[in-house]
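In: Need coordinates for the following:
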Amino acid sequence: MSLDLVLLAVLMGAVTYPSRAVPLLAPGMGRLPPVVLLYLRLVGPAVLMAVAAVNVLVTVGPGGEPSLHIGIEAPAVVAAIIVVAWRRNLFLGLMVAVLTTAIARGAGLA
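Out: Modelled structure (predicted):
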């Protein structure tokens with residue numbers, strides 16, 4: 001068993017924590033410009049979608065070289081992005097991606 005992914009998760013948490021902690025630590029958070037508030041609100045979903053896109057579109061070949069992979073996961077990520085942008089609901093977007101992938105795999109398409 002490898003601990004590489006655990007270390008990556010801890011590193012990602014440490015990197016994104018400051019932007020997530022600002023609303024808790026800054027007393028004048030409500031007085032920030034709307035553009036800054038929008039940026040801070042979208043940091044989490046942007047990081048999550050970037051991680052999802054890399055994990056879905058890049059695979060490692062037998063020789064260790066990365067390669068592009070287009071499978072059912074790619075349309076599922078695109079559907080998730082569309083749903084999140086449309087409904088402003090990250091959980092709903094993730095559920096659409098998971099269900100899309102599960103249904104396609106269950107039907108033998110993936």
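In: what's the spacing between the residue nearest the centre of the chain and Val77?
Out: In the chain, the centroid-proximal residue (CA atoms, centre = their mean) is Leu48; its distance is 2.0 Å. As judged by CB to CB, to the nearest Å, Leu48 and Val77 stand 11 Å apart. Using the backbone N, CA and C atoms, a C-beta is placed for each residue, glycine as well.
In: does the residue nearest to the centre of the chain really touch Leu90, like I thought?
Out: Yes. Between Leu48 and Leu90 there is a contact at 7.3 Å, judged by CB atoms under 8 Å.
In: Tell me where the chain has strands.
Out: 58-60, 66-68 (DSSP state E).
In: In the sheet, which strands lie alongside the first one, parallel or antiparallel?
Out: Based on DSSP bridges, the pairing partners of strand 58-60 within the sheet are strand 66-68 (antiparallel).
In: List the buried residues in the strand it pairs with.
Out: Neighbour counts over strand 66-68 (16 or more other CB atoms under 10 Å) mark no residue as buried.
In: Please list all residues in contact with the nearest residue to His69 once chain neighbours are set aside.
Out: For His69, ignoring the flanking residues on the chain, the nearest one in space by CB to CB, 6 or more residues apart in numbering is Thr59 at 4.3 Å. Residues near Thr59 by CB atoms under 8 Å, 6 or more residues apart in numbering: 66-69.
In: Could you save these as TSV and add columns showing distance to Gly44?
Out: Listed next are these as TSV, based on distance: CB to CB, whole Å:
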residue	distance to Gly44
Pro66	26
Ser67	29
Leu68	26
His69	25
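In: Let me know the closest of these to Gly13.
Out: The nearest member of the contacts of Thr59 to Gly13, counting by CB to CB, is Pro66 at 24.4 Å.
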